[in-house]
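Asks: Attaching a predicted model along with its sequence, questions to come.
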Amino acid sequence: MYKIAVMGDRDSIYGFAALGLEVFPVTEPAQAARQLRSLAEGQYAVIYITEALAAQVEAEVDRYRASRLPAIIPIPGVAGNTGMGILNVKKSVEQAVGSDIIFNGN
């Protein structure tokens, strides 16, 4: 059975533990890259990661972008939304369709 994980700074992710999700508090980019790789190669089908942390380990996140599993989903942290989530949607749509049909180049 697949699991769901949440990665990020402690303040941003501990509320997810109350929902039964497994939380992995990390702040250092090197540690985060190792943790993400470990989760992705394990039993995790969905990995939520704070936008700030995902920006620090973008190369590792991109490594799994074309894979069916796991789905790596950026979420806002306590500092707020950085806009990374919508940029990922835009990038995925451009890749699938071949052009920017959401923002029309803006």
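Replies: Looks like it arrived, so ask away. Residues are numbered from 1 along each chain as shown.
Asks: All the strands of this protein, residue numbers only.
Replies: 3-8, 22-25, 44-50, 71-75 (DSSP state E).
Asks: partner strands of the longest one, parallel or antiparallel?
Replies: Strand 44-50 sits in its sheet next to strand 3-8 (parallel), strand 71-75 (parallel), going by DSSP bridges.
Asks: now these in CSV, with distance to residue 50?
Replies: C-beta here means a position set from N, CA and C on the backbone, and glycine is covered the same way. Output for the strands paired with strand 44-50, formatted as CSV (distance: least, C-beta to C-beta, whole Å):
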stretch, distance to residue 50
strand 3-8, 3
strand 71-75, 6
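Asks: quick one on the thing from earlier: and of the strands of the chain, who's closest to residue 84?
Replies: Nearest to residue 84 among the strands of the chain is strand 71-75 (4.9 Å), distances taken as C-beta to C-beta.
Asks: So which residues make contact with that closest one?
Replies: With contact meaning C-beta atoms under 8 Å, 6 or more residues apart in numbering, strand 71-75 is reached by 6, 8, 12, 36, 40, 45-51, 54, 61, 64-65, 84-85, 88.
Asks: Which among those count as buried?
Replies: Buried members of the contacts of strand 71-75, scored by 16 or more other C-beta atoms under 10 Å, are 6, 8, 12, 36, 40, 46-51, 54, 61, 64, 84, 88.
Asks: which among these gets closest to residue 27?
Replies: residue 8 (8.3 Å).
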